[in-house]
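My questions concern the predicted model and sequence given below.
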Amino acid sequence: QVQLVESGGGLVQAGGSLRLSCAASGRTFSGYTMGWFRQAPGKEREFVAAISRSGDNTKSADSVKGRFTISRDNAKNMVYLQMNSLKPEDTAVYYCAASGTSWFLGSQYRSQYDYWGQGTQVTVSS
């Protein structure tokens, strides 16, 4: 079992930055691919970014590429999402997720993830 707790959300103006954090507890953190997803009101939960177990590989959605960066610290059981140049369309609840599969190519699919956090709200004003 893995417990995930997100933090760092809030209200920011367009063009601003936020850094989301996700603290993991439970089984060996380095054994999990980690991902960030988001869900806006009335929309499905969508992939934002993922990072491999070692941190050597990352991927991100086209909508955030060049603006968002995912990283992890296996010594601290933490994963981060640095969000720059925020836009109003980035407004959503952001979720951290952990996947026990080693298939990183599939890390953009929600079905790959075994554990989810409770989410943190990010609101970007225009």
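Thanks, I have the structure now.

CA only for contacts and neighbour counts going forward, please
Fine.

Touching, residue 40 and residue 92? I think so.
Yes: under the contact definition of Cα atoms under 8 Å, residue 40 touches residue 92, with a separation of 4.2 Å.

which of the two has more neighbours?
residue 92 (21 against 17; other Cα atoms under 10 Å).

Please state the backbone phi and psi of that one?
Backbone torsions for residue 92, taken as degrees, to the nearest 10, come to phi -180, psi 170.

That one against residue 122, yeah?
Yes: the pair residue 92 / residue 122 is scored as a contact, 5.5 Å apart, by Cα under 8 Å.

Run the chain-centre distance for the helix or strand where residue 47 lies.
Using DSSP states H and E, the element containing residue 47 is strand 46-51. In terms of Cα atoms, centre = their mean, to the nearest Å, the centre of strand 46-51 is set 6 Å apart from its chain centre.

what helices or strands is whatever helix or strand comes next after that strand leaning on?
As assigned by DSSP H and E, the chain's next helix or strand after strand 46-51 is strand 58-60. Counting contacts by 3 or more Cα pairs under 8 Å, 6 or more residues apart in numbering; DSSP states H and E, strand 58-60 packs against strand 46-51.

and the strand it packs on, average pLDDT?
Mean pLDDT, strand 46-51: 98.

okay, now the residue nearest to residue 125 when sequence neighbours are not counted: neighbour count?
Nearest residue to residue 125, sequence neighbours excluded (Cα to Cα, 6 or more residues apart in numbering): residue 13, at 4.8 Å. By other Cα under 10 Å, 14 other residues sit near residue 13.

Repeat that for residue 54.
If you count neighbours by other Cα under 10 Å, residue 54 ends up with 13.

Distance of it relative to residue 26?
For residue 54, the distance to residue 26 (Cα to Cα, to the nearest Å) stands at 18 Å.

neighbours around residue 126, how many?
A count of nearby residues for residue 126, using other Cα under 10 Å, gives 11.

any idea of the pLDDT on it?
pLDDT, residue 126: 94.

ok, it to residue 87 distance?
Where residue 87 is concerned, residue 126 sits at a distance of 8 Å (Cα to Cα).
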